[in-house]
Each structure stands twice: as C-alpha cells, then as structure tokens.
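Peer 1: When you get a sec, could you give me coordinates for this:
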Amino acid sequence: MALNLIAKGPAMLLRSAQPQVANFVRLAKVELVPSADVGGMLKGVGNLTKDALTFKWAQASMKDVAVNTVVVVEIACWFFVGECVGKGSLVGYQV
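Peer 2: Residues are numbered from 1 along each chain as shown. So this is what the prediction gives:
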C-alpha cells in the first residue's frame, strides 16, 4: 500500500498544483512582458546623461530645484521607512 502511494504521489501533486500553475502562467503572460515605453525610457536616460554632461542642471530655476529636492527627500524617506519595516524595529537588526 505504501509503495502504491509513493508511486502515485507525483501524479497527485501535479493534479493538485495544476490550477495554481495555470493561474501563474496566465498572469505571467500579462505582467512579465516588457513595457511598450522602453524606447521612451532609454531616450529619457540619454537626455538625462546629456544634460548632466553639459551642466544644463546648473541653469534650473529655483522652482525646479525645490521640486527635485522634495522628490529626492521623499524617496529617501520611503527607503528608510522600508528599512525600518524590514528590520522590525527602529534601531538595529535583531541577530
């Protein structure tokens, strides 16, 4: 009886996992495709690099500087909040 169960185990496992695998494949076809805007992103990175090399950032208005500063501070704060959540405490890692 035990040998019969061992022989049928993989087939039973595949049958029970089939709906989850089908759902994963269905979602992967939608979610894991490259974005249609890859060309635009590459162009934006190229423009950003060109602007950095030509010091175009030095001619930005104070409004642009303020907005960019707020964005950088927000990203940094979300990073530190994520670190605290990941650690499970505000100070130090639990070892």
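Peer 1: Residue ranges in this structure under the pLDDT threshold?
Peer 2: Flagging of the chain using pLDDT under 70 yields the residue ranges 1-3, 5, 95.
Peer 1: top helix in it by residue count?
Peer 2: For the chain, the helix with the greatest residue count under DSSP state H is helix 2-31.
Peer 1: That one packs against which elements?
Peer 2: Judged by 3 or more Cβ pairs under 8 Å, 6 or more residues apart in numbering; DSSP states H and E, helix 2-31 is in contact with no other helix or strand. For the C-beta atoms, the positions are set from N, CA and C on the backbone; glycine is no exception.
Peer 1: what's the distance between that helix and the middle of its chain?
Peer 2: Centroid separation for helix 2-31 versus its chain: 27 Å, with Cα atoms, centre = their mean, to the nearest Å.
Peer 1: got the contact list for the helix or strand following it?
Peer 2: Toward the C-terminus, helix 2-31 is succeeded by helix 38-53 as the next helix or strand (DSSP states H and E). If you take Cβ atoms under 8 Å, 6 or more residues apart in numbering as the criterion, helix 38-53 is touched by 35, 56-57.
Peer 1: Tabulate those (JSON lines), appending neighbour count.
Peer 2: Below are the contacts of helix 38-53 laid out as JSON lines (neighbours: other Cβ atoms under 10 Å):
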{"residue": "Ser35", "neighbour count": "8"}
{"residue": "Lys56", "neighbour count": "12"}
{"residue": "Trp57", "neighbour count": "12"}
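Peer 1: Closest one of the residues you listed to Val21?
Peer 2: Using Cβ to Cβ, Ser35 comes nearest to Val21 of the contacts of helix 38-53, at 25.4 Å.
Peer 1: residues touching the closest one, list them.
Peer 2: Ser35 makes contact with Met41 under the criterion Cβ under 8 Å, 6+ apart.
Peer 1: Distance of it relative to Asn4?
Peer 2: Taking Cβ to Cβ, to the nearest Å as the measure, Ser35 falls 50 Å from Asn4.
Peer 1: Same check on Gln18?
Peer 2: From Gln18 to Asn4 the distance is 22 Å (Cβ to Cβ).
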